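Q: Test case, fold it:
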Amino acid sequence: MTGELPTDDDQREPTEASTGGRYPTDVLVSADWVNARLDRFGSDATDLRLLEVDVNASFYEEGHAPGAVGVDWRTDLRSAEAHDILSPAEMTAFLESRGITEETTVVIYGDNRNWFAAHLYWQLAHYGHPDVKIMDGGREYWTEHGYPTTTEPVAPPDVTYGDAPDAPARPEVRAARTDVRAAIGTDTKFVDVRLPEEFRGDVTKPPGSDEGAMRGGHIPGATNVFWAENVRPDGLFKSHEELADVYESRGVTPNDDVIVYCRIGERSSVTWFVLEELLGYEHVRHYDGSWTEWGNMIGVPIEVGESDGGS
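A: Numbering: from 1, shown residues only. Reported below is the predicted structural model:
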């Protein structure tokens, strides 16, 4: 096992998909990369920290990668002060509670092909943490391919996060409802990543979900690109070439201003990560209020059925 962080090529190589396409960034690491550094993740050192965040928060207690610190999205990634993402002070407290300083490389993974791992990644990008990565394939890939697990809890070291953010460092990655309303009828491309049934308005929430909306449908002019089109059957992200085709074939190109959304912002975080980080689109905003906000508001425009650009 090496004691040095890998080069960009070292990080990209294991995530190369079957077509041989590579991603132009170092934000995605393989299960092998993580496995080779488990002793460092499990130590009191602060240079690396591994986080697991699952839709089903009980999965962490049933078994997790050795050294991984658990994150419960219901309590850890939601503000206690408002129906919102973490405030700057809450984000600082969260990072310190997980043994993370401003110099820590944070690697995140989770179930459902990294839904909430991508959501945490997006929040960290919003607040400007300098080095964050996602483990390709997530929890399912780790467990299904025989990587080690443990039920032992991890107690991260006590740390202080220097230069704590007092405001988002990258506000341009987030869209508010006012931004959405202003963008309707313009050249902005809306990408709705929900199930086709949700997009059409047949249902207001996916099966098994409790939090829905009063009205069904989608933002006018949106294109439906189901979030799962980003991944292969084994859960790894598709190649750069395949991902580019998914979006460009729907008329969503690298030069477009793009706003992505879903129901509560977790599935659309995956699509934001793909467009912003793996494909290098320069103008991608995440509307994390998503359909539970838009579909419950009074007086906002909603379309039902298939849109002209829908799939």
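Q: going forward, measure contacts and count neighbours with C-alpha atoms only.
A: Fine.
Q: Secondary structure element holding the most centrally placed residue in the chain?
A: Centroid-nearest residue in the chain: Ala118, 1.6 Å away (criterion: CA atoms, centre = their mean). Assessed by DSSP states H and E, Ala118 sits inside helix 111-127.
Q: The following helix or strand past that helix: partners in the sheet, and parallel or antiparallel?
A: For helix 111-127, the succeeding helix or strand toward the C-terminus, using DSSP H and E, is strand 132-135. Looking at strand 132-135 with DSSP bridges, its partner strands are strand 28-29 (parallel), strand 105-109 (parallel).
Q: For Thr178, which of those strands is the nearest?
A: Across the strands paired with strand 132-135, Thr178 has its closest neighbour in strand 105-109 (30.7 Å, CA to CA).
Q: Show residues contacting the closest one.
A: 47-53, 100, 117-118, 120-121, 130-136, 138-139 (CA atoms under 8 Å, 6 or more residues apart in numbering).
Q: how big is the angle separating the helix holding Ala118 from strand 105-109?
A: Taking axes from the mean of the first three to the mean of the last three CA atoms, to 10 degrees, one finds helix 111-127 and strand 105-109 inclined to each other by 150 degrees.
Q: Would you mind checking the average pLDDT for helix 111-127?
A: On average, the pLDDT along helix 111-127 is 96.
Q: helices or strands up against that helix?
A: Here helix 111-127 touches strand 48-53, strand 105-109, strand 132-135, helix 138-144, helix 267-273, going by 3 or more CA pairs under 8 Å, 6 or more residues apart in numbering; DSSP states H and E.
Q: mind saving the C-alpha coords of it as CSV?
A: Taking C-alpha atoms only, helix 111-127 is exported to CSV below (Å, rounded to 0.1, in the frame of the first residue of the first chain):
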residue,chain,number,x,y,z
ASP,A,111,-26.5,3.2,-1.1
ASN,A,112,-28.8,3.7,-4.1
ARG,A,113,-25.9,4.4,-6.3
ASN,A,114,-24.7,7.3,-4.2
TRP,A,115,-27.8,9.4,-4.0
PHE,A,116,-27.0,11.1,-0.7
ALA,A,117,-23.3,10.8,-1.2
ALA,A,118,-23.8,13.1,-4.2
HIS,A,119,-26.0,15.3,-2.1
LEU,A,120,-23.4,15.7,0.6
TYR,A,121,-20.8,16.3,-2.1
TRP,A,122,-22.9,19.1,-3.6
GLN,A,123,-23.3,20.7,-0.2
LEU,A,124,-19.6,20.6,0.4
ALA,A,125,-19.0,22.1,-3.1
HIS,A,126,-21.5,24.8,-2.2
TYR,A,127,-19.5,25.7,0.9
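Q: quick one: buried residues of that helix?
A: 111-127 (16 or more other CA atoms under 10 Å).
Q: my read: the residue nearest to the centre of the chain touches Glu266, true?
A: Yes: with contacts counted by CA atoms under 8 Å, Ala118 reaches Glu266, the gap being 7.3 Å.
Q: domain assignment for the chain?
A: By the assignment in automatic domain parsing, the chain contains the domains 1-170, 174-294.
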